[in-house]
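**Student:** what's the 3D shape of this:
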Amino acid sequence: MKKIMCAVCVTALLSVLMTGCSLSGSSEPTEPTKPIAHKVYTAGYCNNGSTDVPSYWEGTNRVDLPGDGTHYARAYSIYVSEGTVYTAGEYWNGSRYVPCFWTDGVRTDLPVDVNSIYVSEGTVFTAGFFYNGSIYVPCYWEGTARVDLPGDGSHNGEALAIFVECIKIESH
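**Tutor:** Okay, here's the model as predicted:
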């Protein structure tokens, strides 16, 4: 009896979802939901036969980002805000890896390694790590100000992603 009742409930629910009808008891169909269009952005790299070129894709359209043109470079994370594309990554300058982010293709070098990028209220936030002489320390940057994140003090750590929530500050 339970199996039959569950099958009836599932069938009724599927019928409601597929026809756009309401469960409120009304037999009037509700307006079907309008389809949602997505614009997908993806960060990464493409090898050109001799080196990795940092890139991002808007849908299936690839946009290459500047490294130094001859050495390895990659984009690890992407964020889009009001039509501006931000990507975070790194490039090899011939002697060291240089962490950076790109704003609409314009590169900004950073003093720490970055894995993720987020933009809030016009401020660029990046998450990553820096080497303090003995271990890798997780951190994030708010604009140009580094904020170290606690680890255990004797082992490596790394911040891999970042999200910023805007919180309304109540005035008294």
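**Student:** give me the number of residues near residue 161?
**Tutor:** When neighbours are defined as other C-beta atoms under 10 Å, residue 161 has 12 of them. Bear in mind the C-beta positions are built from the backbone N, C-alpha and C, glycine included.
**Student:** Repeat that for residue 50.
**Tutor:** For residue 50, the neighbour count with other C-beta under 10 Å is 9.
**Student:** Kindly report the same for the one 10 residues further on.
**Tutor:** Around residue 60 there are 7 other residues, counting by other C-beta under 10 Å.
**Student:** And residue 130, by the same measure?
**Tutor:** Number of residues near residue 130 (other C-beta under 10 Å) recorded here: 18.
**Student:** What's the first helix or strand after the lowest-mean-pLDDT helix or strand in the chain?
**Tutor:** Scoring the helices and strands of the chain by mean pLDDT, DSSP states H and E places helix 2-19 at the bottom, with a mean of 35. Downstream of helix 2-19, the first helix or strand assigned by DSSP states H and E is strand 41-47.
**Student:** How far does that following strand sit from its chain's centre?
**Tutor:** From the chain centre to the centre of strand 41-47 is a distance of 13 Å (C-alpha atoms, centre = their mean, to the nearest Å).
**Student:** who does that strand pair up with?
**Tutor:** Applying DSSP bridges to the sheet, strand 41-47 is found paired with strand 52-58 (antiparallel).
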